[in-house]
Structure formats: structure tokens, C-alpha cells
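>>> With the input below, show me the fold.
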Amino acid sequence: MVFTSGGVDCWGSGGAGELGNGQFYTSGNYGSAIPVAVVSTSGSGTLSGVKLH
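Model prediction:
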């Protein structure tokens, strides 16, 4: 999700840091089914959403 304020929220497994929330989940019940705020989008030019990346 991209907000008019410039903020970005993401959701998913986060197994390799894809959520952008500063955490890298390696085992157990990881990720988020609800949107979480991305730590920093400063300098971001493109956002992408895919099944696997």
C-alpha cells in the first residue's frame, strides 16, 4: 500500500526481509498477514508486488 503521505505498508512472509520492517524471519511463525509500516522509503523510486521475489 502506498499512502498519499509517502508512507508504504507491506505484508507477506518476510523470510528474507521483504517486508521492509527491519526484521529477517528465519524460522517459526513469521511474517504478517496484516500490513506493517516499511521502515524507510527515502530514495525509493519503484515499488513492486509479486507472488515470489
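>>> which residues of the protein score low on pLDDT?
Where the chain drops to pLDDT under 70, the residues are 16-17, 25-30, 41-53.
>>> Excluding chain neighbours, give the residue nearest to Ile34 in space.
Spatial nearest neighbour of Ile34, chain neighbours left out: Trp11 (6.2 Å); criterion: CB to CB, 6 or more residues apart in numbering. To be clear about C-beta, it is placed using only N, CA and C from the backbone, and glycine gets the same treatment.
>>> Sheet-wise, list the partners of the host helix or strand of that neighbour with their directions.
Take DSSP states H and E as the rule and Trp11 turns out to sit in strand 9-12. Here strand 9-12 has these sheet partners by DSSP bridges: strand 32-37 (antiparallel).
>>> Give the buried residues for stretch 7-23.
8-10, 12, 14, 18-20 (16 or more other CB atoms under 10 Å).
>>> so which pair among the residues you listed is furthest apart in space?
Within those, Val8 and Gly14 form the most distant pair, 14.4 Å apart (CB to CB).
>>> Next, the contact list for the residue lying closest to Ala37 once chain neighbours are set aside, please.
Nearest non-adjacent residue to Ala37, counting by CB to CB, 6+ apart: Asp9, 5.6 Å away. Contacts for Asp9 were tallied using CB atoms under 8 Å, 6 or more residues apart in numbering; they are 1, 3, 35-38.
>>> For these, which single residue is the most surrounded?
Among the contacts of Asp9, the one with the most neighbours (other CB atoms under 10 Å) is Val38, at 18 neighbours.
>>> What sits closest to that one if chain neighbours are left out?
Spatial nearest neighbour of Val38, excluding adjacent residues (CB to CB, 6+ apart): Gly20 at 3.7 Å.
>>> So the one you found, which state does it fall into?
coil (DSSP: H, G, I helix; E, B strand; the rest coil).
>>> so what's it up against?
By CB under 8 Å, 6+ apart, the contact set of Gly20 is 8, 10, 38-41.
>>> can I get the contacts of Asp9 in JSON lines with distance to Phe24?
Below are the contacts of Asp9 laid out as JSON lines (distance: CB to CB, whole Å):
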{"residue": "Met1", "distance to Phe24": "22"}
{"residue": "Phe3", "distance to Phe24": "25"}
{"residue": "Pro35", "distance to Phe24": "19"}
{"residue": "Val36", "distance to Phe24": "14"}
{"residue": "Ala37", "distance to Phe24": "17"}
{"residue": "Val38", "distance to Phe24": "14"}
